[in-house]
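Student: with the input below, show me the fold.
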Amino acid sequence: MKLLRVLRFGLCVSLWLGSAAALAQSSFTHSGYTIHYNAVPSVVLAPEVARSYGLTRSAQRAVLNIAVRTAGEAATARSVGANVHAVAINRAGQRQTLRMREVREQEAIYAIGELRIEDGELYRFEVDVVPEGESRTIEVRFSQQLFGQAQ
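Tutor: You can find the predicted model right below:
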């Protein structure tokens with residue numbers, strides 16, 4: 001059980017930290033919530049971490065990570081579950097609907113989903129987030145170039 005927590009922590013660290021070019025992370029605040037979002041090539045995940053989450057570690061795959069927190073001071077902000085719908089669109093206009101799944105670990109709650117990628121392709125992400133207990137949708141729109149090989 002302790003190993004599993006370490007592996008999960010490793011995924012969070014892998015997804016949230018790293019060089020700006022390889023592991024870009026962004027966030028914005030809207031309607032009392034801060035939405036954190038990023039997409040990373042799955043090859044940056046340690047094999048054990050990818051396995052523990054059932055993620056495919058490949059140069060042709062990436063992972064989208066969405067986390068929702070209440071807005072405010074870091075000490076008082078808390079993670080919030082959310083219904084997350086995400087689509088990735090490449091330059092040719094090809095759309096991939098991502099199957100997002102919620103992960104709850106102690107105080108952390110986030111949604112992850114996988115997408116197929118072409119090395120160096122620019123993807124536009126359209127993510128709709130409905131925080132638990134809310135009826136309104138918060139739209140997250142961003143673009144990110146993804147590289148399947150380490151840069």
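
Student: so where do the helices sit in this protein?
Tutor: Ranges of helices in the chain, per DSSP state H, are 2-16, 47-53.

Student: by mean pLDDT, show me the worst of the ones you listed.
Tutor: Least confident of the helices of the chain, judged by mean pLDDT, is helix 2-16 with a mean of 47.

Student: give me every residue that touches Gly32.
Tutor: Gly32 makes contact with 70-71, according to Cβ atoms under 8 Å, 6 or more residues apart in numbering. Any C-beta I mention is one placed from the backbone N, CA and C, and that applies to glycine too.

Student: and Ile112, by the same measure?
Tutor: Ile112 touches 15, 53, 55, 63-66, 100-101, 103, counting by Cβ under 8 Å, 6+ apart.

Student: can you pull up the bridge partners for the most centrally placed residue in the chain?
Tutor: For the chain, the residue nearest the mean C-alpha position is Asn65 (0.7 Å; Cα atoms, centre = their mean). Note on Asn65: beta-bridge partners by DSSP bridges are Asn38, Ile112.

Student: what's next to stretch 100-108, contact-wise?
Tutor: With contacts defined as Cβ under 8 Å, 6+ apart, stretch 100-108 is touched by 5, 8, 12, 53, 64, 66-67, 78-79, 81-82, 84-86, 109-113.

Student: then stretch 71-90?
Tutor: Residues from elsewhere that reach stretch 71-90 (Cβ under 8 Å, 6+ apart): 29, 32-34, 39, 64, 66-70, 95-98, 100, 102, 104, 107-111, 113, 115, 118, 121-132.

Student: from start to finish, how long is that stretch in a straight line?
Tutor: One end of stretch 71-90 sits 31 Å from the other (Cα to Cα, to the nearest Å).

Student: go on, stretch 116-124?
Tutor: Start-to-end, stretch 116-124 (Cα to Cα) is 13 Å.
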